[in-house]
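Visitor: need a structure here:
(chains A and B)
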Amino acid sequence: MSCFLSNSSLGKKLVMSVTGAFLVLFILFHMSMNITAIISPEAYNMICALLGANWYALAGTAVLALGVLVHFIYAVILTLNNYKARGSQRYAVTVQEPGVAWASKNMLVLGFIILGGLLIHLFNFWSKMQLVEIMGGHVNSLGYSPADGAALIAYTFSKWYYVVIYLVWFFALWFHLTHGVWSMFQTVGWANDTWYPRLKCIANIVATIVFLGFAAVVLVYFFCPCIAGVC
Amino acid sequence: MNFTLKIWRQKDAKSKGAFESYKVENISADTSFLEMLDILNNNLIHEGKEPVAFDHDCREGICGMCSLHIDGQAHGPSQGATTCQIYMRKFRDGATITIEPWRSAAFPVIKDLVVNRSAYDQILQAGGFISVRTNSVPDANAIPIPQADAEESMDAAACVGCGACAATCKNGSAMLFVAARVSSLAKLPQGRVEGARRAKAMVAKMDELGFGNCTNTGACQAECPKQISIAHIARLNREFLSAKFED
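Guide: Got it, this is the predicted structure:
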């Protein structure tokens, strides 16, 4: 079985589907956590304290990193494979086929934008929070406590360019999810003609909720920085 | 009607091809696309030039032999029709029409617009059949089959194996073809028996022949002349994964 997950085209797609589903669940969890920062910065900081350098948060981070890594590596392998299968001679004339979503043909490009955003995000937050605790520090490079996530959000999104970068990032994620969410059902075979409109609708709803949830925190902290007591 | 044709010419599999332009004039609007190419070839033969090689057979839309990527679309501008079913009235008078062969690594060009599609035959040989004794014809009602299942099976069996799916797919994936074959047999009791072995064998052969991986764009069903749904791909995924997990 380990064989077909790495050798067969459908096995590799199954890995993409399962890791994708895992990452969608994580993103929904992360978004819910972020919303807390708008409602109550104190409650948000409590969650940040819970997710410090303790064994369960570290184990969760490791599994998450593995999920991202596997999803990314398989995406690259599959795309290289597909590029080869298409052949060296390309069509001189192509048209956009009816009913084919732009996102479905640009998942790798969107994935790279998402990965770029993720690296910036790890630098902005993870390296100043959990990493500081792992290294045994009590104050991050900005002078905040590693568990003071609300202050970090306020600091980051006081800068207009981070607001723009994060919004572009969320927009790429929105596109990626509009195809990815229904596609993971198709890949495991849980789809048919009756369910395609429903699954695509669910995918659009999930993608939009994720976009609005994340964007809300960025915009609220940009326009009302006093929310975290950092004026 | 008058047209300028931009046609891919390639001497053989090893030669480098290029586009060449030809003019065809006084074409009736009711001429089929392939008849228009016949007229062009007649002209070329009279001029002492090499005619354009292209695949065709029944010219009734049921054999799956015709191909051609016309103005960026497999089987040209009509929905749910093969190239032989397209008439010149679909095109604007005076238009320039670009005609290319299928482009996919698994379908190498043999000459001009003709590609080698034997990869599909090899996939079929791997498992696209049922193993039964071929004695006398059994009674039609001996095995009751629900109408909905029979319809779904027939929808999948409408696949003519023309290769438009793999030729259209940006990944060069043959999934719609394999799915149609697997699905048409999986929905019938006679085919059900070998369902697991069939799905595994055909997918393995598809991978071995260098076809790409499906990314669920749905371009194949949009261009399929028989309008085969990607729901059959979902069934193939189910068939394959459940067979693998039962191993």
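
Visitor: residues near residue A:202, how many?
Guide: 14 (other CB atoms under 10 Å in any protein chain shown). Heads up, the C-betas are built off the backbone N, CA and C, glycines and all.

Visitor: quick one: it and residue A:181 touch, right?
Guide: Yes. The criterion here is CB atoms under 8 Å, and residue A:202 meets it with residue A:181 at 6.6 Å.

Visitor: what packs against the helix or strand where residue A:112 lies?
Guide: Taking DSSP states H and E as the criterion, the element that holds residue A:112 is helix A:107-124. With contacts defined as 3 or more CB pairs under 8 Å, 6 or more residues apart in numbering or on different chains; DSSP states H and E, the secondary structure elements packing on helix A:107-124 are helix A:55-86, helix A:160-187.

Visitor: got the angle between that helix and helix A:160-187?
Guide: Calculated by axes from the mean of the first three to the mean of the last three CA atoms, to 10 degrees, helix A:107-124 forms an angle of 130 degrees with helix A:160-187.

Visitor: for the residue nearest to residue B:172 when sequence neighbours are not counted, which residues are in contact?
Guide: In this structure, residue B:172 finds its nearest non-sequential neighbour in residue A:85, 3.5 Å apart by CB to CB, 6 or more residues apart in numbering or on different chains. Contact analysis of residue A:85 by CB atoms under 8 Å, 6 or more residues apart in numbering or on different chains lists B:104-106, B:171-173, B:210-213.

Visitor: again, only this time at 6 Å
Guide: Under the criterion of CB atoms under 6 Å, 6 or more residues apart in numbering or on different chains, the contact list for residue A:85 reads B:105, B:172, B:210-212.

Visitor: filter those down to just the ones in helices.
Guide: Using DSSP state H, no member of those falls within helices.

Visitor: next, the angle helix A:160-187 makes with the helix or strand residue A:209 falls within.
Guide: If you go by DSSP H and E, residue A:209 is part of helix A:195-223. Calculated by the same axes, to 10 degrees, helix A:195-223 forms an angle of 160 degrees with helix A:160-187.

Visitor: I'd like the distance from helix A:195-223 to the chain centre, please.
Guide: Put simply, helix A:195-223 sits 12 Å off its chain's centre (CA atoms, centre = their mean, to the nearest Å).

Visitor: give me the buried positions along it.
Guide: A:195-196, A:199-200, A:203, A:206-207, A:210-211, A:213-215, A:217-222 (16 or more other CB atoms under 10 Å in any protein chain shown).

Visitor: which strands or helices does it pack on?
Guide: If contacts are counted by 3 or more CB pairs under 6 Å, 6 or more residues apart in numbering or on different chains; DSSP states H and E, helix A:195-223 sits against helix A:9-39, helix A:160-187.

Visitor: closest one to residue B:51 among those helices?
Guide: When the helices and strands packed on helix A:195-223 are compared by CB to CB, helix A:9-39 sits nearest residue B:51, at 38.8 Å.

Visitor: now, of the helices and strands packed on helix A:195-223, which is deepest in the fold?
Guide: helix A:160-187 (a mean of 20; mean count of other CB atoms under 10 Å in any protein chain shown).

Visitor: which positions in chain B make contact with chain A?
Guide: Within reach of chain A by CB under 6 Å from any CB of the partner chain, chain B has these residues: B:71-73, B:98, B:100, B:103-105, B:170-172, B:203, B:207, B:210-213, B:216-219, B:222-223, B:229, B:231, B:234, B:237-238, B:240, B:244.

Visitor: kindly report the residues of chain A close to chain B.
Guide: Within chain A, the positions lying close to chain B (CB under 6 Å from any CB) are A:4, A:9-10, A:78, A:82, A:85-87, A:89, A:91, A:93-95, A:97-100, A:104-105, A:183, A:186, A:189, A:191-193.

Visitor: and those, which are buried?
Guide: By 16+ other CB under 10 Å, the residues of chain A next to chain B give A:4, A:9-10, A:78, A:82, A:85-87, A:89, A:91, A:97, A:100, A:104-105, A:183, A:186, A:189, A:191-192 as buried.

Visitor: spatially central residue for the chain, please.
Guide: You didn't pick a chain, so chain A it is. With distances taken as CA atoms, centre = their mean, chain A has residue A:27 as the residue nearest its mean C-alpha position (5.7 Å).

Visitor: nope, chain B please
Guide: residue B:162 (1.9 Å).

Visitor: run a quick neighbour tally on residue 121.
Guide: Reading this off chain A. Neighbour count of residue A:121, defined by other CB under 10 Å: 17.

Visitor: oops, I was thinking of chain B
Guide: Neighbours of residue B:121 using other CB under 10 Å come to 11.

Visitor: surely it forms part of a helix?
Guide: Yes. Assessed with DSSP: H, G, I helix; E, B strand; the rest coil, residue B:121 lies in a helix.

Visitor: and the gap between it and residue B:181?
Guide: Residue B:121 sits at a distance of 11 Å from residue B:181 (criterion: CB to CB, to the nearest Å).

Visitor: now swap in residue A:52 and tell me
Guide: Distance of residue A:52 to residue B:181, computed by CB to CB: 55 Å.

Visitor: so for those two, which sits in the more crowded spot?
Guide: Using other CB under 10 Å as the criterion, residue A:52 and residue B:181 rank with residue B:181 on top: 26 against 15.

Visitor: for the more buried one, which non-adjacent residue is spatially closest?
Guide: Leaving out its chain neighbours, the residue that sits closest to residue B:181 by CB to CB, 6+ apart is residue B:128, at 4.3 Å.

Visitor: give me the phi and psi for that neighbour.
Guide: For residue B:128, the backbone dihedrals (degrees, to the nearest 10) come out as phi -80, psi 50.

Visitor: next one: the one 4 residues further on
Guide: Here the main-chain torsion angles of residue B:132 (degrees, to the nearest 10) amount to phi -130, psi 160.

Visitor: and for the one 10 residues further on?
Guide: Listed backbone geometry of residue B:142 is phi -70, psi -40, with angles given as degrees, to the nearest 10.

Visitor: then residue A:88?
Guide: Residue torsions, per degrees, to the nearest 10, at residue A:88 are phi -80, psi -30.

Visitor: tell me how many other residues crowd the spatially closest residue to it that is not a sequence neighbour.
Guide: Nearest non-adjacent residue to residue A:88, counting by CB to CB, 6+ apart: residue B:105, 7.8 Å away. Around residue B:105 there are 19 other residues, counting by other CB under 10 Å.
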